[in-house]
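Chemist: Structural data only, the sequence is not supplied:
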Ligand SMILES: Cc1cc2nc3c(=O)[nH]c(=O)nc-3n(C[C@H](O)[C@H](O)[C@H](O)COP(=O)(O)O)c2cc1C
Ligand code: SF4
């Protein structure tokens, strides 16, 4: 009987040689007369272990990593096909602490299955949510999503059920589901991982959304930097169409739903929903003023649900297991699980899905294992380039929308980027302003002009030119951007800037004038 060996096809694994590892395993197996079946799975999200090779044994799946092509012969020598020990061995995959500690609802199948096998998908509970949705009325589906407490995972944390109800109640000849897969936040990769590792869950979530609000067409808007995700999504859509999951009659029901992938050039602002809609329509990615809400006048002026990949990929499990099941995870008004992306200077970077409520410090020091440089953590930026920097003194802040807001930050798309004590926070503040200046769509003055002025003011502080006066000016400028910008790009850039200045004043301390020193 053949032995099944799993080698991820996720971009993070490919980047460190997964194709070469798979080819080496096939070659070595043939040379040794071993009957091996290689499955290209998604990633388990333990990125420091990629390429993570798994072998299916009687005891369960055994993990080996990080594997390079040069290690393959020694794996065979050690007898890895029977799960034998090897210096790269980690025992049973499911017992690896990083994975064992997680609650995987959205990522339940990611890394487990062959992403393009519908048989695998069905075997692991796939399509159960859609089947149950079809048996309900559209209003009941919306009610279940509302009851689940799911809030948008793209950044703003808006209740998904309420958004869906607005679109469902709108009268129109055509409505759309737009999946925001732009994923521009620094240190984030959850959307990419699910598209590459479990694309059918997104298709299923979008089909449920379509049925719930009366939309027959969906678009996945992603960026050209995600070629693997694009290829997997497109193939999965073809397979779903052939299998009757998409098309004129979804799973034989009276509902029609079809979808396609659209690729943007990768401007950060095109992740903002109205800018995204412009880009989808073939226009420049400039932010639209709200109102009208996209829910009422979105794509091509029609009522449109715009949801993040994570929000839509969480829908099938909610419909399958019921809203209470999902709602019972988490704390306060943050229900369910959140796929946290641990990145930056960390020993154990990767995807960690857990119920809301873990303290930030536990994520960084215990789960992430502290810095890979071995130096003390100085700052953690949560929520992408518009998120605040947290010093270790705020590490007891729990991962929960309200707790982060109260601490002067935001969860955003749940990206956590760690910096050690070699980081200069003034430079980070300058970078935030510069990023805003580069990515600004140019529609409103506080962002377009303010960000450029912001870079200049930070530079003056760095050079010791009237630092106290310029710090007051920077704060004033941040307030103008915060309250005067049309969208969150200009409106939230003050978060990293002000948190850097507030929590790390030593990096903004007056230094002698460069001229004076010369
Ligand atoms: C500058 C900017 C960039 C954004 N980038 C993204 C993104 O890459 N992905 C995303 O889902 N939402 C992004 N958002 C948030 C979207 O505007 C919108 O709130 C989200 O897609 C709604 O989906 P959700 O309710 O499921 O979170 C961004 C917002 C701003 C202001
Ligand atoms: S805040 Fe910036 S990105 Fe947003 S609308 Fe204004 S100029 Fe455009």
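Modeler: Great, that's in hand. Keep in mind the model is a prediction, meaning the values are calculated, not measured. Numbers count the residues shown, from 1 in each chain. Ligands and ions are numbered 1, 2, ... in the order given.

Chemist: Nearest residue to residue 6 in space, please, no chain neighbours.
Modeler: residue 54 (4.1 Å; Cβ to Cβ, 6 or more residues apart in numbering). Backbone N, C-alpha and C define where each C-beta goes, glycine included.

Chemist: Check for me that the one you found belongs to a helix.
Modeler: No. Residue 54: not assigned to a helix; according to DSSP: H, G, I helix; E, B strand; the rest coil it is strand.

Chemist: Which strand residues bridge it?
Modeler: residue 6, residue 63 (DSSP bridges).

Chemist: which residues does it contact?
Modeler: Counting by Cβ atoms under 8 Å, 6 or more residues apart in numbering, residue 54 touches 5, 6, 41, 61, 62, 63, 64, 93.

Chemist: Nearest to ligand 1 among these?
Modeler: Nearest to ligand 1, judged by Cβ to the nearest ligand atom, of these is residue 41 at 25.1 Å.

Chemist: Run a quick check on that closest one versus residue 116, I expect a contact.
Modeler: No. Contact criterion Cβ atoms under 8 Å: residue 41 and residue 116 do not qualify, at 10.4 Å.

Chemist: related to what we said a few turns ago, neighbour-wise, which of the contacts of residue 54 leads?
Modeler: Neighbour counts for those peak at residue 41, which has 27 neighbours (criterion: other Cβ atoms under 10 Å).

Chemist: what's the span of stretch 105-118 from first residue to last?
Modeler: 19 Å (Cα to Cα, to the nearest Å).

Chemist: Now do the same contact list for residue 373.
Modeler: Contacts of residue 373 (Cβ under 8 Å, 6+ apart): 345, 420, 422.

Chemist: do the same with residue 443
Modeler: 286, 287, 486.

Chemist: Which residue ranges of the stretch 151-300 of the chain form helices?
Modeler: 160-169, 190-197, 199-213, 227-242, 273-280 (DSSP state H, counting those that start in this stretch).

Chemist: near ligand 1, anything from the third one?
Modeler: No. Judged by Cβ under 6 Å from any ligand atom, helix 199-213 stays clear of ligand 1, getting no closer than 10.3 Å.

Chemist: Just give me how far that helix sits from the chain centre.
Modeler: In this view, helix 199-213 has its centroid 18 Å away from the chain centroid, taken as Cα atoms, centre = their mean, to the nearest Å.

Chemist: If you count neighbours, what's buried in stretch 215-235?
Modeler: The neighbour-count check on stretch 215-235 (16 or more other Cβ atoms under 10 Å) flags 215-223, 225-226, 228-230, 232-233 as buried.

Chemist: how much space is there between the residue nearest to residue 6 and residue 116?
Modeler: Noted for residue 54: a distance of 18 Å to residue 116, by Cβ to Cβ, to the nearest Å.

Chemist: Could you do residue 65 as well?
Modeler: With Cβ to Cβ as the criterion, residue 65 and residue 116 are 23 Å apart.

Chemist: now, which of the contacts of residue 443 lie close to ligand 2?
Modeler: 287, 486.

Chemist: How about the contacts made by residue 416?
Modeler: 187, 340-344, 360, 363-364, 368, 380-382.

Chemist: List the strands paired with the strand or helix carrying it, with their directions.
Modeler: Following DSSP states H and E, one finds residue 416 within strand 415-420. In the sheet, strand 415-420 lines up against strand 337-344 (parallel), strand 377-382 (antiparallel) (DSSP bridges).

Chemist: Just after the last one, pick out the following helix or strand.
Modeler: Secondary structure here is assigned by DSSP H and E; on that basis, the next helix or strand after strand 377-382 toward the C-terminus is strand 389-390.

Chemist: which neighbours does that following strand have in its sheet, and in what orientation?
Modeler: Applying DSSP bridges, one finds strand 389-390 paired with strand 377-382 (antiparallel).

Chemist: ok, residues contacting the strand it pairs with?
Modeler: For strand 377-382, using Cβ under 8 Å, 6+ apart, the contacting residues are 186-187, 344-345, 360, 364-365, 370-371, 387-392, 404, 409-412, 414-423, 425, 428, 496, 500, 503-504.

Chemist: check those residues against ligand 1, which are close?
Modeler: Answer for the contacts of strand 377-382 near ligand 1: none qualify (Cβ under 6 Å from any ligand atom).

Chemist: So how do I select the buried members of these in ChimeraX?
Modeler: Provided next is the ChimeraX selection string for whichever of these are buried by 16+ other Cβ under 10 Å:
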select :186,187,344,345,360,364,365,370,371,387,388,389,390,391,392,404,409,410,411,412,414,415,416,417,418,419,420,423,425,428,496,500,503,504
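
Chemist: Which pLDDT value belongs to the residue in the stretch 151-300 of the chain that ligand 2 sits nearest to?
Modeler: For the stretch 151-300 of the chain and ligand 2, the shortest gap (Cβ to the nearest ligand atom) falls at residue 287, measuring 3.6 Å. At residue 287, the model reports a pLDDT of 97.

Chemist: Report the contact partners of the spatially most central residue of the chain.
Modeler: Closest to where the C-alpha atoms of the chain average out (Cα atoms, centre = their mean) is residue 190, at 3.2 Å. Residues near residue 190 by Cβ under 8 Å, 6+ apart: 183, 309, 310, 339, 341, 351, 413, 414.

Chemist: Kindly indicate which of these lies nearest residue 76.
Modeler: Within the contacts of residue 190, proximity to residue 76 (Cβ to Cβ) peaks at residue 351, which comes in at 29.6 Å.

Chemist: Provide the secondary structure category for the closest one.
Modeler: strand.

Chemist: Torsion angles phi and psi at the residue nearest to it when sequence neighbours are not counted?
Modeler: Using Cβ to Cβ, 6+ apart and skipping the chain neighbours, the partner closest in space to residue 351 is residue 45 (3.1 Å). Torsion angles at residue 45 (phi, psi; degrees, to the nearest 10) stand at phi 90, psi 10.

Chemist: which phi and psi does residue 137 have?
Modeler: Per degrees, to the nearest 10, the backbone of residue 137 is at phi -80, psi 160.

Chemist: That one: how many residues sit nearby?
Modeler: 11.

Chemist: Let me have the contacts of residue 373 in TSV, extended by pLDDT.
Modeler: Below are the contacts of residue 373 laid out as TSV (pLDDT from 0 to 100):
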residue	pLDDT
345	98
420	98
422	98
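
Chemist: list the contacts for the closest residue to residue 62 other than its chain neighbours?
Modeler: The shortest distance from residue 62 to any non-neighbouring residue, by Cβ to Cβ, 6+ apart, is to residue 83 (3.9 Å). Applying Cβ under 8 Å, 6+ apart, we find residue 83 in contact with 55, 57, 59, 62.

Chemist: Any of the residues you listed buried? List them.
Modeler: Of those, these count as buried by 16+ other Cβ under 10 Å: 55, 57, 62.

Chemist: any idea how far the first one is from ligand 1?
Modeler: Think residue 55. 36 Å (Cβ to the nearest ligand atom, to the nearest Å).

Chemist: you'd agree that residue is up against residue 61?
Modeler: Yes. Contact between residue 55 and residue 61 holds when scored by Cβ under 8 Å: they sit 6.9 Å apart.

Chemist: mind listing the helices in the stretch 1-150 of the chain by residue range?
Modeler: 11-14, 18-32, 72-78, 97-100, 118-123, 128-135, 138-148.

Chemist: nearest to residue 261, of the ones you listed?
Modeler: helix 11-14 (15.7 Å).

Chemist: Contacts for that closest one, please.
Modeler: Contacts for helix 11-14 (Cβ under 8 Å, 6+ apart): 7-8, 43, 47, 50-52, 189, 192-193, 196, 226, 228-229.

Chemist: what's the answer for stretch 229-245, then?
Modeler: 9, 11, 115-116, 118, 127, 130, 181, 191-192, 195-196, 199-200, 202-204, 207, 220, 222, 224, 246-247, 250-252, 258-261, 263.
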